[in-house]
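A.B. asks: Predicted model follows, preceded by the sequence.
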Amino acid sequence: MKIAVLSRNSSLYSTRRLLEAIEARGHEGVVIDHLKCDLVIEAEGPSIYYHGEKLEGISAVIPRIGASVTFYGTAVVRQFEMMGVFSTTYSQSIVRSRDKLRSLQLLSGAGLPMPKTAFTNYSKEEKNLIDTVGGAPVIIKLLEGTQGLGVVLAETRKAAQSVVEAFHGLKARIIVQEFIKEAKASDLRVFVVDGKVVGAMKRTGKEGEFRSNLHRGGNAEVVKLSRAERTAAIKAANAMGLSVAGVDILQSARGPLILEVNSSPGLEGIEKATGVDIAGRIVEYIEKNQPKKKGTISKLKA
């Protein structure tokens, strides 16, 4: 098979590892910068041009779409889907995952446990909003934030009200979320491929940091999941329609709480922490799924 990794940078760890895994299993791997793709839509059928040449012969794509280019990136993935090319992550699922509010609504609808969360249309009732999630301290997040950016811990009611007022004054969309103190600046990143957990690590923030993201200087170690944590991760990925997902879980006194589901999870931290060939598992998933017939597209709920 000819498998394309949709990535803007071929030197990134995740992109390199996916290419290595593709080639190690006897396939041809190529990197395509999705922002340099031109989409042609006509009655004869959809097509994609890359550097002026029509893309043909691609059996499957592995999307690595950054949050800042979600609109065009998902348009490219959708075009491949309409051309009958198998994608490890459906375009609609990427769109779902990038909207924190929509994601939480879908997870809640699936009956999954999560920190209590509130959202408002720039309401002036900051006090009531904070009380709704249990009072200070609270976590305040920008809906479009990634890698720990746009996330604030407000330790007092006064601080929380000030932060909410400031964000609302800038017309920034935010959610206010319950702070899980017993998590102690740690969370679990669980990697799910094809409905199975293939790796898990515990991420802990550096001293004085409440965010556990490795991009913020946190560290990672391999962890053995409980049955409840494993089940929650798989259900969360399924609820989002994701066959390849990084599920972030908080360990709380009332059990595992789903924090977020990532549709383009990095491979470096999880592979180094666990020693598992995650990239190879993704290629195996492609091998199990023959490309769909031309002109078909997955029908996912909005």
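C.D. replies: Done, it's in. Residues are numbered from 1 along each chain as shown.

A.B. asks: In space, what's closest to the residue minimising distance to the centre of the chain - neighbours in sequence excluded?
C.D. replies: Among the residues of the chain, residue 262 comes closest to the average C-alpha position under CA atoms, centre = their mean, at 1.4 Å. Leaving aside its sequence neighbours, residue 262 sits nearest to residue 246 (CB to CB, 6 or more residues apart in numbering; 3.9 Å). Placement of C-beta: from N, CA and C, glycine included.

A.B. asks: And the residue nearest to the centre of the chain, how far from residue 27?
C.D. replies: 25 Å (CB to CB, to the nearest Å).

A.B. asks: Determine the set of other helices and strands touching the helix-or-strand element of the chain with minimal mean pLDDT.
C.D. replies: Least confident helix or strand of the chain, by mean pLDDT, DSSP states H and E, is helix 126-132 with a mean of 83. Contact analysis of helix 126-132 by 3 or more CB pairs under 8 Å, 6 or more residues apart in numbering; DSSP states H and E lists helix 157-169, strand 174-178 as its packing neighbours.

A.B. asks: Could I get the average pLDDT for the last one?
C.D. replies: Spelled out, that is strand 174-178. Averaging pLDDT along strand 174-178 gives 90.

A.B. asks: Parallel or antiparallel, list what pairs with it.
C.D. replies: Sheet pairing of strand 174-178 (DSSP bridges) gives strand 117-119 (antiparallel), strand 138-142 (antiparallel).

A.B. asks: Check those strands for me and report the most buried one.
C.D. replies: Greatest average neighbour count among those goes to strand 138-142 (a mean of 22), per mean count of other CB atoms under 10 Å.

A.B. asks: what's the helix or strand for residue 97?
C.D. replies: helix 91-98 (DSSP states H and E).

A.B. asks: What of residue 242?
C.D. replies: Following DSSP H and E, there is no helix or strand that holds residue 242.

A.B. asks: for the one 4 residues further on, same thing?
C.D. replies: Per DSSP H and E: residue 246 is located in strand 244-252.

A.B. asks: And the next helix or strand past that strand?
C.D. replies: Using DSSP H and E, the helix or strand that follows strand 244-252 in sequence is strand 255-262.

A.B. asks: Paired strands for that next one, with orientation please.
C.D. replies: For strand 255-262, pairing defined by DSSP bridges yields strand 244-252 (antiparallel).

A.B. asks: So what touches the partner strand?
C.D. replies: 62, 88-89, 97, 115, 180, 182-183, 186-194, 229, 232-233, 236-237, 256-263, 265-266, 270, 282, 285 (CB atoms under 8 Å, 6 or more residues apart in numbering).

A.B. asks: now stretch 41-59
C.D. replies: Residues from elsewhere that reach stretch 41-59 (CB under 8 Å, 6+ apart): 1-4, 30, 32, 36-40, 76, 79-80, 82-83, 85-86, 286, 291, 294-295.

A.B. asks: Quick one: low-confidence residue ranges for this structure.
C.D. replies: 123, 145-149, 206-218, 290-302 (pLDDT under 70).

A.B. asks: if we go to 90?
C.D. replies: 43-44, 67-68, 99-101, 119-132, 134-136, 141-155, 160-175, 181-186, 204-220, 290-302 (pLDDT under 90).

A.B. asks: Show me where it has its helices.
C.D. replies: 13-24, 70-82, 91-98, 100-109, 126-132, 157-169, 227-239, 268-274, 278-288 (DSSP state H).
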